[in-house]
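In: Just a sequence and a predicted model for now, questions to come.
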Amino acid sequence: MVINNRKIEKLKACIKLNRKYLRCIFIREHNVQICKYFKINIEELFLIQFIFEGHEGLVTITTLDVDKGLIKVSFSSDSLNDIDHIIKALKKDFYLADTNQYE
């Protein structure tokens with residue numbers, strides 16, 4: 001895979017926008033994959049997952065630790081604004097705490 005200047009600039013912009021939440025990134029052919037980690041109330045896992053994944057192809061949810069309620073939200077940099085809006089809306093109705101790392 002060839003990494004050109006445009007991809008590097010896109011990666012730098014993505015890091016600046018998500019410095020607090022950015023946990024893992026890797027370069028794909030045309031965009032950057034972003035992962036954010038959250039601690040949730042485990043009883044709400046299915047609702048949160050259903051809401052996120054109801055936005056077809058926008059995001060992938062991975063349950064990291066059921067006992068601790070840790071999830072990973074993976075999405076492309078192209079959908080960053082949409083995901084931020086969804087997260088803000090979910091935080092109004094559900095416990096969704098940013099976590100700095102997989103604990």
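Out: In hand now; what should we look at?

In: CA atoms for contacts and neighbours, from now on please.
Out: Will do.

In: Quick one: low-confidence residue ranges for this structure.
Out: Residues of the chain meeting the criterion pLDDT under 70: 1-31, 101-103.

In: got the residue ranges for the strands in it?
Out: In the chain, the strands defined using DSSP state E lie at 24-27, 32-40, 59-65, 70-76, 96-98.

In: Packing partners of the second one?
Out: Strand 32-40 is packed against helix 5-17, strand 24-27, strand 70-76, strand 96-98, with contacts defined by 3 or more Cα pairs under 8 Å, 6 or more residues apart in numbering; DSSP states H and E.

In: So what are the sheet partners of that strand and their directions?
Out: strand 24-27 (antiparallel), strand 70-76 (antiparallel), strand 96-98 (antiparallel) (DSSP bridges).

In: Go ahead and produce PDB holding the CA coordinates of the second one.
Out: Presented in PDB, the C-alpha positions along strand 70-76 are these (Å, rounded to 0.1, in the frame of the first residue of the first chain):
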ATOM      1  CA  LEU A  70     -16.300  -2.200  27.900                       C
ATOM      2  CA  ILE A  71     -17.000  -1.700  24.200                       C
ATOM      3  CA  LYS A  72     -15.000  -0.600  21.200                       C
ATOM      4  CA  VAL A  73     -16.600   1.600  18.600                       C
ATOM      5  CA  SER A  74     -14.800   1.400  15.200                       C
ATOM      6  CA  PHE A  75     -15.600   3.700  12.300                       C
ATOM      7  CA  SER A  76     -14.000   5.400   9.400                       C
END
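
In: now that strand against strand 59-65, angle please.
Out: Angle, strand 70-76 to strand 59-65, by axes from the mean of the first three to the mean of the last three Cα atoms, to 10 degrees: 160 degrees.

In: Could you give me the buried positions within strand 70-76?
Out: 70-76 (16 or more other Cα atoms under 10 Å).
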